[in-house]
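In: okay, here's the prediction I keep looking at, along with the sequence it came from:
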Amino acid sequence: MRILFVHVCDRFTPFATSIAALAGALRGHGHQLLRHAISLETAVDDAAQDVASYGADVVAGSFMSRDWPGLSRVFSHVKRETGCFLVVGGYHATFRAEEVAGCPGVDAICVGEGERPFPPLIATLARGDQPRTGPGMWVRDGGTFVGCRPPTDVEPDIATLPRC
C-alpha cells in the first residue's frame, strides 16, 4: 500500500517524531511510505491539492489542536477527490476524538500512541478487509463512528522487562 504521512511544520519543527515512529513500526511490511510536510503558511486548497496528488491508498497524520481547523478542511477535500482511507492521530485526536469524528473525511482516529494499533489497521486494509474499532483505534463503520471512543492500546508495563 502507498501510505502518505502528513504533518504540519514550521521553521522550528521541520520533522515529526510521531510520524517517524509510525513509519518505523511499518518498515519491513512491504508498504511504500511517503511523507509530506505542510507549511503553516500554505493555503488549505493548495495543501489539499498537494496531498491528493500523491495518489496514496492511506493518508495518515498526527496533529496538534492548532492544526485541526485547517486540516479538517484538507482531509474533507482529499476524501472527496481521492476516496483514500484517512487516519488522524496525535494530541488533538486523542483528547478531542469526538470532534475529529465529525469530519466527514476521517475514516479512523488513533487514540493514544499509534505504534501498536496502526500496523494492524494497515494490514487489515491491505487484505481488503473492513477494519474494526479496537483499543487505540476508533474506526468509522457504515458511515459513522459507532459507540464511544475506545480506550488507548496500553503499552506493556516497562517494569516487567527483564534486567540487563
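Out: That came through, no problem.
In: buried residues in stretch 11-26, which are they?
Out: By neighbour count with 16 or more other Cβ atoms under 10 Å, stretch 11-26 contains the buried residues 16, 18-19, 22-23, 25-26. No exception for glycine: its C-beta is placed from N, CA and C like everyone else's.
In: please flag which of the residues you listed sit within helices.
Out: Within these, residues falling in helices by DSSP state H are 18-19, 22-23, 25-26.
In: export these as TSV, with columns for pLDDT.
Out: What follows is these, written out as TSV (pLDDT from 0 to 100):
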residue	pLDDT
Ser18	83
Ile19	84
Leu22	87
Ala23	88
Ala25	88
Leu26	90
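In: dump stretch 135-144 to CSV, keeping only the CA atoms.
Out: C-alpha atoms of stretch 135-144 as CSV (Å, rounded to 0.1, in the frame of the first residue of the first chain):
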residue,chain,number,x,y,z
PRO,A,135,-8.0,-0.4,21.7
GLY,A,136,-6.3,2.7,20.4
MET,A,137,-8.2,2.9,17.0
TRP,A,138,-11.7,4.2,16.5
VAL,A,139,-12.9,3.3,13.0
ARG,A,140,-15.9,4.6,11.0
ASP,A,141,-18.3,1.8,10.4
GLY,A,142,-21.2,2.1,8.0
GLY,A,143,-20.6,5.8,7.6
THR,A,144,-20.5,6.7,11.3
